[in-house]
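Undergrad: please find the sequence and the predicted model below.
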Amino acid sequence: MRTADKEERARVRNAIRARISLIATERGLPKSETKKAMGRLLTRDVMRFAKKHRVNMDWLICGGAHTPLLSYTSVDDPVADMEGRLPNLCLET
């Protein structure tokens, strides 16, 4: 892997960890609630964190103008809905 790719990957991972930390601080969550999601940032762990704490996956992974709060108005299970489109999640406009 090229150095530039490694740096970009680290930047994205740190940004996701920062958003998880922001939610944890805002909601007063103990470290045990964020430990798995913030560890290796495995997709399944981040998705479980998002579902459990009702956090918008678009915002959690990509940041930006998305609202961090999850709205269940479009689908019954938004995490399950996202499983099929996660690889392209940040590329959608």
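TA: That came through, no problem. Residues are numbered from 1 along each chain as shown.
Undergrad: helix/strand/coil for Arg40?
TA: On the three-state scheme (DSSP: H, G, I helix; E, B strand; the rest coil), Arg40 is labelled coil.
Undergrad: give me the neighbour count for Arg54.
TA: The number of residues packed near Arg54 is 14, by other C-beta atoms under 10 Å. Placement of C-beta: from N, CA and C, glycine included.
Undergrad: same check, this time on Arg17
TA: Arg17: 16 surrounding residues under other C-beta under 10 Å.
Undergrad: use 19 as the first number for this chain going forward.
TA: Happy to do that; since the first residue is 19 now, the last one works out to Arg35.
Undergrad: my guess is it contacts Gly57. True?
TA: No. Using C-beta atoms under 8 Å, Arg35 makes no contact with Gly57, being 9.4 Å away.
Undergrad: next, the buried residues of stretch 20-36.
TA: Within stretch 20-36, the residues that count as buried by 16 or more other C-beta atoms under 10 Å are Ile34, Arg35.
Undergrad: who's in contact with it?
TA: Contact partners of stretch 20-36, identified using C-beta atoms under 8 Å, 6 or more residues apart in numbering, comprise Met19, Met56, Leu59, Val64, Leu78, Ile79, Gly81.
Undergrad: nearest to His71 among those?
TA: Within the contacts of stretch 20-36, proximity to His71 (C-beta to C-beta) peaks at Leu78, which comes in at 9.5 Å.
Undergrad: what average pLDDT does the helix or strand that the closest one is a member of get?
TA: Leu78 belongs to helix 75-80 when assigned by DSSP states H and E. Helix 75-80 carries an average pLDDT of 87.
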